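[1] I'll drop the sequence and a predicted model, then ask my questions.
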Amino acid sequence: MALFGVGSAVSSSRPETAPVAAAALHPSAPIPVQGAPVGSLVRVTLGEGGPSVFPLILGAAEFGWNVDLESSHDILDAYFERGGNAVHTADSFAGGRSEHIIGQWLSSRGLRDEIVVASRVGGHPDNPGLGPVNLVRAVEASLTRLGTDRIDLLYLDATADSKTALEDTLATAEWLVDTGKARAIGAIGYTAAQLVEARIYASAGYPRLTVLDVPFNVLRRHEFDSDLRLVAGAQGMAVTPSHGLEHGFLAGRHRARMRGSLSVRGAQLAASLNRRGTRTLRALDSVGAELGVPDAAVAVAWLLAQKLVTAPIINAFAPQHIDELVQGVGVRLSRAHLAEIARAAE
């Protein structure tokens, strides 16, 4: 982390011809910050035997789409400087440009061994689905774009393929792990029944699905249903929920637009969330005002307070958003806070 300024020495009132002694720093001068950031000491484990990561994974869904290369690198720098060490992308994000941008950043900063790279495959139009051939090709293409020899956490996207037999997918994943191209396997879009089936295959030697991504936030609790929760908990899976801020809504980013002319996305969100969303924002405002943190931090803290949630995946659009997000890792919501937010979101 860069040092903060230490202030200027106090000027002397002596004549210019007289020797000037070095003045002591004023007591109010900023204290220089040295060493590793505090966030680098905060780590959680992604599943059994998985990598240790900061409890907030930086999502890169906007890189190469709404965020250009230079701004993306600024966001990544800000995240790393605050102790973050895990980045999530996908072969389908901006047609692969997101992976390419991350690869350039890792190379230019020399940080490959310091960053846990998580990538989701199955959605790229060149290698769609999770069939053996396309899965291998998709991973190879992702590795090329990322400029690396391995993906630390490979998410298998079942939402992009409902036809390939699970055994075929896991057999291919086994080869990817054995060859070192993937270190751990995660899942998104799998049902509770499929996760049970996957665990049966794991008992026969196939790799375990140790991490689960599910769209989940205070306004989308239904997608992480009771069966999925039960199975994920029984299997000891680490849950890394995506859409934690509901496309920025829970950070209050669309609030100004809701009072005037709305963008297309803002109008869609306002129509779908309606009064429930407005009540939830007010609850986040109230809790945030009491704790002295922004709405985004409260939304992140709410996720981390949920059972099974290990590290949410949160997208950022600008470097200043990182400061808002990482505050949520240090916030501890009381039972009264959680109840207030839950009532508002009903």
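    Good, I have the coordinates.
[2] average pLDDT for the helix or strand hosting S286, rounded please.
    Here S286 sits within helix 264-291, counting by DSSP states H and E. In this model, helix 264-291 has an average pLDDT of 80.
[3] right, and the helix or strand after it?
    Remark: after helix 264-291, the chain's next helix or strand is helix 295-304, criterion DSSP H and E.
[4] so what does that next one touch, helix or strand wise?
    Helices and strands touching helix 295-304, as assessed by 3 or more CB pairs under 8 Å, 6 or more residues apart in numbering; DSSP states H and E, comprise helix 264-291, helix 319-330, helix 335-345. In short, each C-beta sits where N, CA and C put it, glycine included.
[5] can you rerun that using 10 Å?
    Packing partners of helix 295-304 (3 or more CB pairs under 10 Å, 6 or more residues apart in numbering; DSSP states H and E): helix 264-291, strand 313-315, helix 319-330, helix 335-345.
[6] next, the angle helix 335-345 makes with it.
    100 degrees (axes from the mean of the first three to the mean of the last three CA atoms, to 10 degrees).
[7] now for K163: which residues touch it?
    K163 makes contact with G129, L130, G131 under the criterion CB atoms under 10 Å, 6 or more residues apart in numbering.
[8] before we move on, what about A202?
    Applying CB under 10 Å, 6+ apart to A202 gives the contacts L170, E174, I185, R208, L209, T210, Q235.
[9] can you do 8 Å?
    L170, R208, L209 (CB atoms under 8 Å, 6 or more residues apart in numbering).
[10] among those residues, which are in helices?
    L170 (DSSP state H).
[11] ok, so of the contacts of A202, who is nearest D77?
    Nearest to D77 out of the contacts of A202 is L209 (CB to CB; 32.3 Å).
[12] and the helices in this protein?
    For the chain, applying DSSP H gives helices covering 69-81, 97-109, 132-146, 166-178, 192-203, 226-234, 255-259, 264-291, 295-304, 319-330, 335-345.
[13] for G47, find the nearest of these.
    helix 226-234 (10.3 Å).
[14] show me what contacts the residue lying closest to A301 once chain neighbours are set aside?
    Of all residues not flanking A301 in the chain, V331 sits nearest, at 3.8 Å (CB to CB, 6 or more residues apart in numbering). Residues counted as contacts of V331 (CB under 8 Å, 6+ apart) are L291, V293, A297, V298, V300, A301.
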